[in-house]
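Enquirer: predicted model and sequence follow; I will ask about them next.
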Amino acid sequence: MVYPPSPYSDAPAPAIPDFKRPDSHRIWQLLAGIVAFVIAQLVTVAVVASIAGIGALDTASARQGGSHAESYGLGIGLMAGGAAMFVLYLLIMRFIARAPGHGLRGKNKVTEFLLGLTLAFVILGTSVGVIALAGGFRITGLTARDELLPAFVLALGIGLGPAFTEELLFRGFFLRIFDAWWGWVPSLLITSAIFGLVHLGNPDATLSGAIFIVIEAGLLLGGAYLLTRRLWLAIAIHAGWNFMQAFVFVSPVSGTGEAVGLFQVEWSGSSWLTGGTMGLEGSVITAALGLLAGIGLLLLAGKHRTLLPREAVIRKQRAAKA
């Protein structure tokens, strides 16, 4: 097989940090990353339980059925879990990988984050527009004012928490390390498949919805990492995707249950159109748009020569030129 010119050749390489894969001890990184993910989930559970306990002592909250306390608790708990995962990732990259800040450094962080949020909004907004034209979505009113803040905090947690915990695990550890071992094609397919299938554990998830997540989100988020060789674009797409589903379009997120957001909405029609209990991710419209966006990112990555062969091939190419 003939590979494209290596970024280690005399030709100028793209100005993207971290792209020479300088990190080491990759098996230990994988194990530590999985442990960090578990710890992040435990932090989420602990914070949710603590806030629920405080809410139970609040008689006003109890009279409201505790729904606000539950929303605040879960939202804050998810953000706490994401923060814990972020700190643990930094520690792993410093002390195990010996590559401090790997995947996070670079002057374009803010730009990539804003682009990620924009891309998520465009994909989901277009999907909802098509569904609405087909008669599957309509806004019936505004959510009551006293429900908005807890709904916003919950949606923010659903956005930021999984964006950091899942992206740091799946793209920050799995895709990056598998890419170094096997090259980008098998690594992207494997991590996308795992990413989609783990969502089957959600209470209202469907098999078709999980497969659509493989197609739309796995390839899209993986393509975002492979293009930039950083995590900010993927984190922003994931965060914006979840937040806008929950708060703006008031759709279930990955089969986690009914959402409460900015509007009161009505979804109707085939689950293939609307996504059903899985939410927008289970819609064939969203799957098609996410797939097209993911392919677009991969084409850009090919243009900018950030789709690398596996590390063993690069070593042979460098040795041949020595």
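Expert: Received it, and whenever you're ready, just let me know what you need.
Enquirer: list the buried residues in stretch 122-131.
Expert: Across stretch 122-131, burial judged by 16 or more other Cβ atoms under 10 Å covers 123-124, 127-128, 130-131. C-beta coordinates here come from the backbone N, C-alpha and C atoms, glycine included.
Enquirer: chain center to that stretch: distance?
Expert: The chain centroid and the centroid of stretch 122-131 are separated by 19 Å under Cα atoms, centre = their mean, to the nearest Å.
Enquirer: can you tell me what sits against that stretch?
Expert: Contact partners of stretch 122-131, identified using Cβ atoms under 8 Å, 6 or more residues apart in numbering, comprise 137, 241, 244-245, 248-249, 269, 273-274, 280, 283, 285-286, 289-290, 293.
Enquirer: can you turn the buried part of those into a ChimeraX selection?
Expert: The following ChimeraX line selects those of the contacts of stretch 122-131 that are buried, judged by 16+ other Cβ under 10 Å:
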select :137,241,244,245,248,249,273,274,280,283,285,286,289,290,293
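Enquirer: so of the contacts of stretch 122-131, which ones are in strands?
Expert: Residues from the contacts of stretch 122-131 lying in strands, with DSSP state E as the criterion: F137.
Enquirer: in helices, which of the contacts of stretch 122-131 fall?
Expert: With helices taken from DSSP state H, the overlap with the contacts of stretch 122-131 comprises 241, 273-274, 285-286, 289-290, 293.
Enquirer: so V265 versus F170, what's the distance?
Expert: 30 Å (Cβ to Cβ, to the nearest Å).
Enquirer: these two: who's more crowded?
Expert: F170 (25 against 18; other Cβ atoms under 10 Å).
Enquirer: could I get the pLDDT score of that one?
Expert: You'll see F170 listed with a pLDDT of 98.
Enquirer: over to I54?
Expert: pLDDT, read off for I54, is 77.
Enquirer: that one falls within a helix, correct?
Expert: Yes - I54 forms part of a helix when assessed by DSSP: H, G, I helix; E, B strand; the rest coil.
Enquirer: quick one: which of the ones in helices among the contacts of stretch 122-131 is nearest L197?
Expert: G290 (16.6 Å; Cβ to Cβ).
Enquirer: touching, the closest one and V214? I think so.
Expert: No - with contact defined as Cβ atoms under 8 Å, G290 does not reach V214; the gap is 10.3 Å.
Enquirer: so what's the residue count around Q264?
Expert: Quick note: Q264 (other Cβ under 10 Å) scores 14 neighbours.
Enquirer: now it: phi and psi?
Expert: phi -100, psi 130 (degrees, to the nearest 10).
Enquirer: and it, what is it in contact with?
Expert: Residues in contact with Q264 (Cβ under 8 Å, 6+ apart) are 139-143, 250.
Enquirer: one more: G261?
Expert: 143, 151, 155, 246-250.
Enquirer: which SS class is it?
Expert: G261 is classified as coil under three-state DSSP.
Enquirer: which element follows the worst-scoring helix or strand of the chain on mean pLDDT toward the C-terminus?
Expert: In the chain, the helix or strand scored least confidently by mean pLDDT, DSSP states H and E is helix 59-63, which has a mean of 47. Following helix 59-63 in sequence order, the next helix or strand is helix 67-95 (DSSP states H and E).
Enquirer: go through that following helix and flag the buried ones.
Expert: 68-86, 88-89, 92-93.
Enquirer: circling back: just give me the closest of the contacts of Q264 to A163.
Expert: Set against A163, the nearest of those by Cβ to Cβ is V250 (19.2 Å).
Enquirer: quick check: the residue nearest to that closest one when sequence neighbours are not counted vs E166, distance?
Expert: Closest residue to V250 apart from its sequence neighbours, by Cβ to Cβ, 6 or more residues apart in numbering: G261 at 3.9 Å. G261 sits 21 Å away from E166, going by Cβ to Cβ.
Enquirer: mind putting the ones in helices among the contacts of stretch 122-131 into TSV with pLDDT?
Expert: As requested, those are arranged in TSV below (pLDDT from 0 to 100):
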residue	pLDDT
W241	97
L273	97
T274	96
I285	97
T286	97
L289	97
G290	97
A293	98
